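Show me how the following folds:
(chains A, B, C and D)
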Number of protein chains: 2
Amino acid sequence: MAESVWTRPRRGKEQPALTRAQIVAEAIRLLDADGLDTLSMRNLGTRLGAGATSLYRHVANKDELIELVVDEVYGELENPAAERWRGSLTAAAHSVRAMILRHPWMASVLGQVGLSYLGPNVMRLNESLLAALETDGFTLEDADQAVSAVVSYVIGMSTAEAAWLTTLARSGRAEAEWVADLRPAALAAAEPYPRLRALLERTDDTPDATREDNFTYGLNRLLDGLEHRP
Amino acid sequence: MAESVWTRPRRGKEQPALTRAQIVAEAIRLLDADGLDTLSMRNLGTRLGAGATSLYRHVANKDELIELVVDEVYGELENPAAERWRGSLTAAAHSVRAMILRHPWMASVLGQVGLSYLGPNVMRLNESLLAALETDGFTLEDADQAVSAVVSYVIGMSTAEAAWLTTLARSGRAEAEWVADLRPAALAAAEPYPRLRALLERTDDTPDATREDNFTYGLNRLLDGLEHRP
DNA sequence: GTCAAGTGCGTACGTCGTGCGCTAAGGTGG
DNA sequence: CCACCTTAGCGCACGACGTACGCACTTGAC
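Numbering: from 1, shown residues only, chains lettered A, B, ... in the order given. Prediction:
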């Protein structure tokens, strides 16, 4: 186990130095693979072939790392390039939902870091949505309220989906059998409530599609309301 | 510091035994006062005049404690007793928002525990909303989608508010001065985006009222859309 | 009076975030 | 070619965390 001077690996340019971008990228990879609570500085350091405390040369602390990670993930959203406001909002909504489902740990993090966030990638998307609404007759105030309403809806809905998918993933089972296993307990708990029972008794062969339908249904109602606003 | 047999406090019925309800209640008090990350089993135990590990006689682990806490807080919601569906949903929405603002740490927790949750208090509220919608002509499916859309909107919006209020509270300043301090940085970050800049340049004398207005604006648009659903 | 059940706690293990000070690797001026 | 300086990485250590384990004690039933 003793390591002499000669076997100790040399540190030089042959081993690319740690950079902030690498750290953030690896953190996202780890989060996607193993979830939020297995992200530790030690763990992340090891994955990068470095000691835990080496990361602190590039990142102030874990909270800052998470802020960086969040904005990096926001960077996956591309600016919607639709012709009318409704198309832009729809595209953005689906894009945000897809992002959260790709990175379910975002659901846990958004509650801590907030949505009104100064990262550059968030601002870019916001501005382009405001622009789309404004050119279609919204006042700036209305546009602001509309965007935050839609974003709130999307985040609320996707958060719930992500939380479900996370517990599902932790169970390690297929969705169908997991639901089948849970059903007795759920039915027992819903026993006094006929409507909940009725909903639980339906079986769903295509849960993914159902979730997406639910999402677009609510989104469309909200957009309808915005379209015919007083 | 040495404690003899004679000074050691006797354990008997004079000191009321630890109960699950007491533990949950004290946990909520601690969370409201100091936030999510200062809730530790040791801390909570000390507040109850008990050792940390004593809690494990009444609660399986910290995650279960949090589940209990969440359902207890849901219990604060009273069943809406409005005449028409729209009134019920509006009342429920405001009630949920108020609950989250009273307990801002709920924002961080909801992302982990999910919204579709088997606690008895959640089920009760859900059932009564479904009933209200159904008697006003919604099919059960439509009612289900409507309720989850509204709940998602409310949670998304309130989560953002709660996160802001939490960072505000951590800063220890009044909202006005905190905003004034942040403004230069925000304006600099928004520099390339004229609409964001325009929004930031407005000053707001009554931020609480503005937040509530924003909330009800989006809620009303969503309810409008549900009212005139195809 | 004896015993079973149940409650609280002391100790301990492994893990976490992170401050501190050392080492060693370029880069730079003589 | 050498002496110095800056800086990246690391070993160590500290205090706090969740929680498993087993002992000590109270209480209620018989």
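
before we move on, which element is the residue nearest the centre of chain A in?
By C-alpha atoms, centre = their mean, the mean C-alpha position of chain A lies nearest to A:I100, the distance being 2.6 Å. For A:I100, the host element (DSSP states H and E) is helix A:85-102.

helices or strands up against that helix?
Applying 3 or more C-beta pairs under 8 Å, 6 or more residues apart in numbering or on different chains; DSSP states H and E, one finds that helix A:85-102 contacts helix A:105-113, helix A:120-135, helix A:140-171, helix A:207-227. Placement of C-beta: from N, CA and C, glycine included.

Off-centre distance for it?
Centroid separation for helix A:85-102 versus its chain: 12 Å, with C-alpha atoms, centre = their mean, to the nearest Å.

Repeat that for stretch A:52-62.
On C-alpha atoms, centre = their mean, the centre of stretch A:52-62 falls 24 Å from the chain's centre.

Is it in proximity to DNA strand C?
Yes. Applying C-beta under 7 Å from any atom of the strand, one finds stretch A:52-62 touching DNA strand C at A:A52, A:T53, A:Y56, A:N61, A:K62.

before we move on, what about stretch A:28-35?
No. Figure legend: stretch A:28-35 not in contact with DNA strand C (C-beta under 7 Å from any atom of the strand); closest approach 10.5 Å.

Residues touching the helix or strand of chain A with the lowest mean pLDDT, excluding its own?
Using mean pLDDT, DSSP states H and E, helix A:105-113 stands out as the lowest-scoring helix or strand of chain A, at a mean of 85. Helix A:105-113 is contacted from outside by A:31-32, A:35-36, A:66-67, A:69-70, A:73, A:99-100, A:155, A:158-159, A:162-163, A:166, B:107-112, B:159, B:162-163, using C-beta atoms under 8 Å, 6 or more residues apart in numbering or on different chains.

now swap in stretch A:73-81 and tell me
Outside stretch A:73-81, the residues that reach it (C-beta under 8 Å, 6+ apart) are A:28, A:87-89, A:91-92, A:95-96, A:99, A:102-103, A:106, A:119, A:121-122, A:124-125, A:128-129, A:132.

rerun at 10 Å
Contacts to stretch A:73-81, defined as C-beta atoms under 10 Å, 6 or more residues apart in numbering or on different chains, come from residues A:24, A:28, A:31-32, A:87-96, A:98-100, A:102-103, A:105-106, A:109, A:117, A:119-125, A:127-129, A:131-132.

Then stretch A:211-220?
So stretch A:211-220 is contacted by A:86, A:89-90, A:93-94, A:97, A:101, A:150, A:153-154, A:156-158, A:160-161, A:164-165, A:204, A:206, A:223, A:227, B:141-142, B:144-153, B:222, B:225-226, B:229-230 (C-beta under 10 Å, 6+ apart).

That one: how far from the chain's middle?
That offset, for stretch A:211-220, works out to 17 Å (C-alpha atoms, centre = their mean).

CA atoms only for it, dumped as CSV, please.
Only the C-alpha atoms of stretch A:211-220 are listed here, as CSV (Å, rounded to 0.1, in the frame of the first residue of the first chain):
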residue,chain,number,x,y,z
ARG,A,211,-49.5,11.8,-17.9
GLU,A,212,-48.7,13.8,-21.1
ASP,A,213,-52.4,14.1,-21.9
ASN,A,214,-53.1,15.4,-18.4
PHE,A,215,-50.3,17.9,-18.8
THR,A,216,-51.5,19.3,-22.1
TYR,A,217,-55.1,19.3,-21.0
GLY,A,218,-54.4,21.7,-18.1
LEU,A,219,-51.9,23.7,-20.2
ASN,A,220,-54.5,24.2,-22.8
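
buried stuff in that stretch?
Neighbour-count burial for stretch A:211-220 flags A:R211, A:N214, A:F215, A:Y217, A:G218, A:L219, A:N220 (criterion: 16 or more other C-beta atoms under 10 Å in any protein chain shown).

Same question for stretch A:168-177.
Applying 16+ other C-beta under 10 Å to stretch A:168-177 flags A:L168 as buried.

which other residues reach it?
Contacts with stretch A:168-177, where a contact means C-beta under 10 Å, 6+ apart, come from A:35, A:104, A:164-165, A:178-182, A:203-205, A:207-208.

Touching, A:M157 and B:S148? I think so.
Yes. With contact defined as C-beta atoms under 10 Å, A:M157 counts as touching B:S148 (7.5 Å).

more crowded one of the two?
Neighbour count, other C-beta atoms under 10 Å in any protein chain shown: between A:M157 and B:S148, A:M157 has more, with 27 against 20.

mind listing what the residue nearest to that one when sequence neighbours are not counted touches?
Nearest residue to A:M157, sequence neighbours excluded (C-beta to C-beta, 6 or more residues apart in numbering or on different chains): B:S152, at 4.0 Å. Counting by C-beta under 10 Å, 6+ apart, B:S152 makes contact with A:152-161, A:214-215, A:218-219, A:222, B:115, B:222.

Can you pull out the low-pLDDT segments for chain A?
Where chain A drops to pLDDT under 70, the residues are A:1-17, A:114-117.

DNA strand D contacts on that one?
Near DNA strand D, when you scan chain A using C-beta under 7 Å from any atom of the strand, you find A:11, A:17-18, A:45, A:49-54, A:56-58.

What's the ChimeraX line that selects buried ones from the residues you listed?
Selection command for ChimeraX covering only the buried members of the residues of chain A next to DNA strand D, criterion 16+ other C-beta under 10 Å:
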select /A:18,45,50,58
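
Redo the residues of chain A next to DNA strand D as a markdown table? Include secondary structure.
Below are those laid out as a markdown table (DSSP: H, G, I helix; E, B strand; the rest coil):
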| residue | secondary structure |
| --- | --- |
| A:R11 | coil |
| A:A17 | coil |
| A:L18 | coil |
| A:G45 | helix |
| A:G49 | coil |
| A:A50 | coil |
| A:G51 | coil |
| A:A52 | helix |
| A:T53 | helix |
| A:S54 | helix |
| A:Y56 | helix |
| A:R57 | helix |
| A:H58 | coil |
